[in-house]
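Peer 1: Give me a model of this one.
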Amino acid sequence: MIIDCHTHLNNYHDETLDDLPGCLEKLQTSMRRNRVDISMVLTSYKVTPGRPSTRAVVDATKGMANIHVIAGISYKTFSEKDVAELRAMLEAKEIKGLKLYPGYEPFYPADTKLAPAYQLAEEFDVPVMIHCGDTYAPQGRVKYSHPINVDDVAVDFPKVRFLICHLGNPWFRDCMEVVYKNNNVYTDISGLTLGDFSDRFEAYMRTQLKEMILWGVNPKKVLWGTDWPLVSMESYLQFMDELRLPPKDKELMLWRNAVEFYKLDVQEHAKKGLGKLFG
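Peer 2: The predicted structure follows:
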């Protein structure tokens, strides 16, 4: 069983072009080729022709048991209307969590404007994923995306599960501290490179990640994700093999942690034939 906790359906090649069906087919193809059973699709903080809205992604993936949607939130435009729309999708079980993009937008996660989003997450028992670390765009402001900023909101909302995306790259040790200190904070290994790992970079990341897993954080708090299509699933699975983790820890990262984190219905997936380990 493999669960990719971090994928997108954005048309990064041309944001002026709506290609949601094409992006979805490419995702399904990549999942089949790499034997990825379930993908969590994260929608963006902005909506353009190439970045479909959460509603559009929910509608496009309806009936696909191997795809779950995480709703992206824009800090700049976040309003009561958004809260109402998110509530409706949560009540209908159309989304499995929320995603924030500090750094890409200038805000700190603990900004009180976002309190209604955290209250929704607590009420519906869904996690909040937070972009941390480097921004793909040079226009980003990384002081907002430092993983240490997650500590405040984790303390303020102890019943909400938070996930620091991308290990807070390059602030790995700061990420380790926030994950270690807070029972409700997790992290994923997505988006550590663009494209494929180079030998030199892979060696560096392998050392960093093994340090984290072996003595820095509990393996139960690290999820496997790719940031597809910016990163290939194949290179990320190869990277996992290169880590040479204990089999039990590798299994936790590849799917067991995600099942717990997103409260996925194991029995429901088993009925639909997903994941031989569920069978």
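
Peer 1: measure Pro138 to Gly103 for me?
Peer 2: Computed as Cβ to Cβ, to the nearest Å, the Pro138 to Gly103 distance reads 12 Å. C-beta here means a position set from N, CA and C on the backbone, and glycine is covered the same way.

Peer 1: One more: Lys210?
Peer 2: Relative to Gly103, and taking Cβ to Cβ, Lys210 is found at 26 Å.

Peer 1: Which residue of the two possesses the greater neighbour count?
Peer 2: More crowded of Lys210 and Gly103, by other Cβ atoms under 10 Å: Gly103, with 23 against 15.

Peer 1: what separates that one from Ser145, distance-wise?
Peer 2: In this structure, Gly103 and Ser145 are 3 Å apart, going by Cβ to Cβ.

Peer 1: Common neighbours of those two, please.
Peer 2: Common contact partners of Gly103 and Ser145 (Cβ atoms under 8 Å, 6 or more residues apart in numbering): 131-133, 135.

Peer 1: Name the nearest of those relative to Glu251.
Peer 2: For Glu251, the closest of those turns out to be Cys132, at 25.1 Å, with distances computed as Cβ to Cβ.

Peer 1: My guess is the closest one contacts Pro147. True?
Peer 2: Yes: counting by Cβ atoms under 8 Å, a contact exists between Cys132 and Pro147, whose distance comes to 4.4 Å.

Peer 1: quick one: which of the two has more around it?
Peer 2: Neighbours were counted for Cys132 and for Pro147 using other Cβ under 10 Å; Cys132 has more, 30 against 27.

Peer 1: Asp156 against Ala110, yeah?
Peer 2: Yes: here Asp156 lies in contact with Ala110, judged by Cβ under 8 Å, at a distance of 6.3 Å.

Peer 1: As CSV, the shared contacts of Gly103 and Ser145 with distance to Phe124, pLDDT and secondary structure would be great.
Peer 2: CSV is the format used below for the shared contacts of Gly103 and Ser145 (distance: Cβ to Cβ, whole Å; pLDDT from 0 to 100; DSSP: H, G, I helix; E, B strand; the rest coil):
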residue, distance to Phe124, pLDDT, secondary structure
His131, 21, 98, coil
Cys132, 23, 97, coil
Gly133, 27, 96, coil
Thr135, 29, 91, coil
